[in-house]
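**Student:** Got a predicted structure plus its sequence, pasted below:
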Amino acid sequence: MRIVPLSSAILLGAALALGACTSNGMLNSFTPDDDYKLATDIAYDTNGDKLDVYTPTHAQNAPVVVFLPGGRWEQDSTLPKEKYRFVGQALSAKGFIAMVPNYRTYPQVRFPAFILDSARAVVWAHTNAKYYGGDASKIIVLGHDAGAYNAAMLALNPDYLKQAGGDRAWLRGAIGLAGAYDFLPITDPDLRDLFGPPESFEATQPILYADGGNPPMLLMSGQDDTIVPVSNTNNLYDRIRRNNGTVDKVIYPKMSHGRILETLATRLQSESDVMNYVVTFVQHNTGAPPKQNNYGIQTSIPK
């Protein structure tokens with residue numbers, strides 16, 4: 001495994017503190033590239049959508065985490081899958097098969113096409129997990145921002161996976177980082193067009209489908225998120241709980257919208273316990289044994 005000098009780790013943290021707009025590329029430049037196998041640009045849909053697969057060395061019956069990238073469901077803001085190598089590597093380092101798909105965005109498509117693309121990625125994962133050392137009965141969806149919205153819709157509304165030829169019962173859990181789940185009224189012109197027509201806006205909200213029948217969910221957000229207000233996480237959590245659904249919530253007093261994702265990166269995991277929660281959730285809901293991290297410490301849910 002490549003060792004990054006302490007001075008480089010400090011440089012990474014300082015560079016990220018200066019601005020999130022270049023953080024993905026910076027994180028990828030400091031991501032180890034010799035502790036996993038990477039298969040790229042695999043077509044998972046006839047629409048031309050593709051995904052990358054990150055496989056731990058000697059993976060066998062490993063949990064499969066489908067990571068859905070974020071953005072604004074728009075072509076100019078949703079980053080391509082290649083920008084999330086730091087996420088794929090970090091998940092594979094914990095013993096999970098990580099699958100990172102692209103999905104179509106506005107203005108090429110409108111609601112709910114990007115959710116259906118995400119559903120088809122899960123169907124592909126279920127069909128092909130065995131070829132990468134994964135277990136098709138241990139699938140978790142993880143998303144950030146718009147990707148968390150997609151993940152929540154797959155977990156809360158069984159129709160999407162059904163339309164894609166799958167089954168919501170395949171999901172052992174869903175994790176949302178800084179997700180948009182309850183954001184009416186929709187006022188931005190582009191989002192009104194993306195989610196329109198207006199009379200259907202209510203049906204675009206994940207919270208509408210929180211009837212308690214969901215697979216286990218873990219919702220995480222920062223109290224001072226200025227991009228997606230923390231009320232999205234709190235409201236969805238409260239609705240699921242009222243309907244006796246299975247859900248956990250972690251709110252960080254000081255965590256920005258982008259930072260909650262950035263600290264999944266191997267070199268930044270010491271800055272927060274976000275990855276600890278992710279790992280513990282996956283292990284608990286898939287029956288996977290704890291895997292020791294690079295420091296010889298078993299991951300456990302933080303106290």
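**Tutor:** Looks like it came in fine. Numbering: from 1, shown residues only.

**Student:** State the distance from the closest residue to residue 70 other than its chain neighbours to residue 179.
**Tutor:** Here the nearest residue to residue 70 in space, its sequence neighbours aside, is residue 145; by C-beta to C-beta, 6 or more residues apart in numbering that works out to 2.8 Å. (Each C-beta comes from the backbone N, C-alpha and C, glycine too.) Distance from residue 145 to residue 179, counting by C-beta to C-beta, to the nearest Å: 7 Å.

**Student:** Over to residue 157?
**Tutor:** Taking C-beta to C-beta, one finds residue 157 at 14 Å from residue 179.

**Student:** More neighbours: which of those two?
**Tutor:** Per other C-beta atoms under 10 Å, whichever of residue 157 and residue 179 has more neighbours is residue 179, with 29 against 22.

**Student:** did I read that right, that one in a helix?
**Tutor:** No. With DSSP: H, G, I helix; E, B strand; the rest coil as the criterion, residue 179 is assigned coil and is not in a helix.

**Student:** Longest helix in this structure, please.
**Tutor:** helix 113-128 (DSSP state H).

**Student:** In it, which residues are buried?
**Tutor:** 113-126, 128 (16 or more other C-beta atoms under 10 Å).

**Student:** can you pull the contacts of the residue nearest to residue 70?
**Tutor:** Listed by C-beta atoms under 8 Å, 6 or more residues apart in numbering, the contact set of residue 145 reads 70, 71, 72, 177, 178, 179, 180, 227, 228, 257, 261.

**Student:** Number of residues surrounding the residue lying closest to the third one once chain neighbours are set aside?
**Tutor:** The reference is to residue 72. Nearest residue to residue 72, sequence neighbours excluded (C-beta to C-beta, 6+ apart): residue 146, at 6.1 Å. Counted with other C-beta under 10 Å, the neighbours of residue 146 add up to 24.

**Student:** Hmm, residue 146 is touching residue 103, no?
**Tutor:** No. Using C-beta atoms under 8 Å, residue 146 is not in contact with residue 103, being 9.3 Å away.

**Student:** What distance do you get for residue 27 to residue 88?
**Tutor:** Using C-beta to C-beta, residue 27 is found at 11 Å from residue 88.

**Student:** hey, where'd the strands end up in the stretch 201-303 of the chain?
**Tutor:** 217-222, 247-252 (DSSP state E, counting those that start in this stretch).

**Student:** Going by neighbour count, list what's buried in stretch 270-286.
**Tutor:** For stretch 270-286, by 16+ other C-beta under 10 Å, it's 272-283, 285-286.

**Student:** So which of the residues you listed are in helices?
**Tutor:** 274, 275, 276, 277, 278, 279, 280, 281, 282, 283, 285, 286.

**Student:** confidence score at residue 143?
**Tutor:** The per-residue pLDDT reported for residue 143 equals 98.

**Student:** remind me which residues of the stretch 201-303 of the chain are low pLDDT?
**Tutor:** 291-303 (pLDDT under 70).

**Student:** where along it do the helices fall?
**Tutor:** With DSSP state H, counting those that start in this stretch as the definition, the stretch 201-303 of the chain shows helices at residue ranges 231-242, 259-262, 274-286.

**Student:** Okay, residue 105 and residue 98: tell me how far apart.
**Tutor:** For residue 105, the distance to residue 98 (C-beta to C-beta) stands at 21 Å.
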